[in-house]
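Novice: Next one to model:
(chains A, B, C and D)
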There are 2 protein chains.
Amino acid sequence: MSTSPAPQDADTPDSDGKGAMRMGILPSLVGRQLRLAYLRTFKDFAMAVEGTSLSPGSFEILELLSCNPGLSHSRLASAIGLEKSSLVPAIARLEEMALVKRKQSATDKRSNELRITPKGERVLAELRSYVVQRESEITEGMARAEVDTLNRLLAKMAGING
Amino acid sequence: MSTSPAPQDADTPDSDGKGAMRMGILPSLVGRQLRLAYLRTFKDFAMAVEGTSLSPGSFEILELLSCNPGLSHSRLASAIGLEKSSLVPAIARLEEMALVKRKQSATDKRSNELRITPKGERVLAELRSYVVQRESEITEGMARAEVDTLNRLLAKMAGING
DNA sequence: TATTGTTATACTCTATAACTATA
DNA sequence: TATAGTTATAGAGTATAACAATA
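Specialist: Alright, predicted model coming up:
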């Protein structure tokens, strides 16, 4: 990746002698910058905690379970905007890693109560510290108003048409 | 705007009942807003052009081929930051849809020259118009300087640690 | 009947490694 | 040897549909 943060020349690939790549309207698009930033974030995240490769989605699950102990599978799925079936493999993986445990509800035997384990809390603490550190890297040197602008625009993008 | 920027601190029952979900540090994280915005953008994109479900990645390929006719598979892959093998299914799909064609290079028989077709240009024009319209929705009411701030921050996120 | 969680299945995106045909 | 493109394979991540147990 180029060292220049300016969108106009940040993506010019090495032109290997055949002339510079033309990027068309791409460099000016907020949407594309968003995509590149997301993909980068996603890749980095997996390496944040020694030995465990967890995704931003797993961090979100752990954080929600930490704040809402005993949450059901269904409620968790809808909280993070997934189909309940899509959550199954993620939970299974976290359970396999002993970061989360499931217990059948006493009051409704269909339902599972999900809880983060002590080990899960430790991993979550590491992830949180990584996330917070990264947040401060991202917003380093930015005025508070600029950070707010960023969050507002991202929220707007996440919410457009719905 | 669907997401509140402030963590909820009403003490609500978590395990059972339908009390408000506690979101922990999640709502304050730029990284998470980024993820939500990206996922949303990705989903919307697929529905942008009638009948063809194309991704932001396909748009990028078409745009680059439109600006750089005859680009090789390898150069295209490195321009968009993918392994060459990862590009194969995407190109195959675009060729299947008759939006792109491949031609063996005369000067290096190992190499393919990729070109966008007239039909591809028409689809690209539709995608561009969707993208531009969405960009203007996103940045509606923003000062030019704020949009620049956003792009700069996203570029920074895309480039951190590398 | 409706809901909870699960399984079965499928599709997209991406990566690594091995292969082919050139160079 | 090295490179361009492909194939084979694998692994997340997500979705729909069907199912069993329970409500």
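Novice: Report how many residues lie close to A:Arg110.
Specialist: Residues within reach of A:Arg110, counting by other Cβ atoms under 10 Å in any protein chain shown, total 9. In short, each C-beta sits where N, CA and C put it, glycine included.
Novice: now do A:Lys101
Specialist: Count around A:Lys101 with other Cβ under 10 Å applied: 16.
Novice: just to confirm, which helix or strand has it in it?
Specialist: For A:Lys101, the element it lies in under DSSP states H and E is strand A:100-104.
Novice: And the residue nearest the centre of chain A?
Specialist: Nearest to the mean C-alpha position of chain A, by Cα atoms, centre = their mean, lies A:Pro56 at 3.0 Å.
Novice: mind checking which helix or strand the nearest residue to A:Gly31 once chain neighbours are set aside is in?
Specialist: Excluding the flanking residues, the one nearest A:Gly31 by Cβ to Cβ, 6 or more residues apart in numbering or on different chains is B:Thr41, at 5.7 Å. Assessed by DSSP H and E, B:Thr41 sits inside helix B:30-45.
Novice: would you say A:Asp108 is within a helix?
Specialist: No - using DSSP: H, G, I helix; E, B strand; the rest coil, the secondary structure at A:Asp108 is coil, not a helix.
Novice: quick one, longest helix in chain A?
Specialist: In chain A, taking DSSP state H as the definition, the longest helix is helix A:118-138.
Novice: which residues are contacting that one?
Specialist: A:41, A:44, A:48-49, A:52, A:54, A:59, A:62-63, A:65-66, A:94, A:98-100, A:116, B:25, B:29-31, B:153, B:156-157, B:160 (Cβ atoms under 8 Å, 6 or more residues apart in numbering or on different chains).
Novice: Likewise for stretch A:82-101?
Specialist: Counting by Cβ under 8 Å, 6+ apart, A:52, A:57-58, A:61-62, A:65, A:73-74, A:76-77, A:80, A:102, A:114-117, A:119-120, A:123-124 sit against stretch A:82-101.
Novice: rerun that using 10 Å as the cut-off
Specialist: Outside stretch A:82-101, the residues that touch it by Cβ atoms under 10 Å, 6 or more residues apart in numbering or on different chains are A:51-52, A:54-55, A:57-58, A:60-62, A:65, A:72-78, A:80, A:102, A:112-124.
Novice: filter those down to the ones close to DNA strand C.
Specialist: Contacts with DNA strand C are made by A:72-75, A:102, A:112 out of these, judged by Cβ under 7 Å from any atom of the strand.
Novice: Just the ones in strands from those residues, please.
Specialist: Among those, the members falling in strands (DSSP state E) are A:72, A:102, A:112.
Novice: Any of these buried? List them.
Specialist: A:72, A:112 (16 or more other Cβ atoms under 10 Å in any protein chain shown).
Novice: Columns distance to DNA strand D on top of the ones in strands among the ones next to DNA strand C among the contacts of stretch A:82-101, output as JSON lines?
Specialist: Listed next are these as JSON lines, based on distance: Cβ to the nearest atom of the strand, whole Å:
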{"residue": "A:Ser72", "distance to DNA strand D": "12"}
{"residue": "A:Arg102", "distance to DNA strand D": "15"}
{"residue": "A:Asn112", "distance to DNA strand D": "11"}
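Novice: can you list the ones in strands among the ones next to DNA strand C among the contacts of stretch A:82-101 in CSV and add pLDDT and distance to B:Leu87?
Specialist: Shown next, in CSV, are these (pLDDT from 0 to 100; distance: Cβ to Cβ, whole Å):
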residue, pLDDT, distance to B:Leu87
A:Ser72, 97, 42
A:Arg102, 96, 40
A:Asn112, 96, 41
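Novice: re earlier: which residues does the residue nearest to the centre of chain A contact?
Specialist: Contacts of A:Pro56 (Cβ under 10 Å, 6+ apart): A:38, A:41-42, A:44-46, A:48, A:127, A:131, B:29, B:31-32, B:34-35.
Novice: Equivalent analysis for A:Thr139, please.
Specialist: A:146-147, A:150-151, B:30, B:153, B:156-157.
Novice: Show the subsequent helix or strand relative to the longest helix of chain A.
Specialist: helix A:144-159.
Novice: hmm, that following helix in reach of DNA strand D?
Specialist: No - shown here: helix A:144-159 not in contact with DNA strand D (Cβ under 7 Å from any atom of the strand), separated by at least 13.5 Å.
Novice: Show me which residues of chain A sit near DNA strand C.
Specialist: A:39, A:72-75, A:84-85, A:88, A:91-92, A:102, A:105, A:108, A:110-112.
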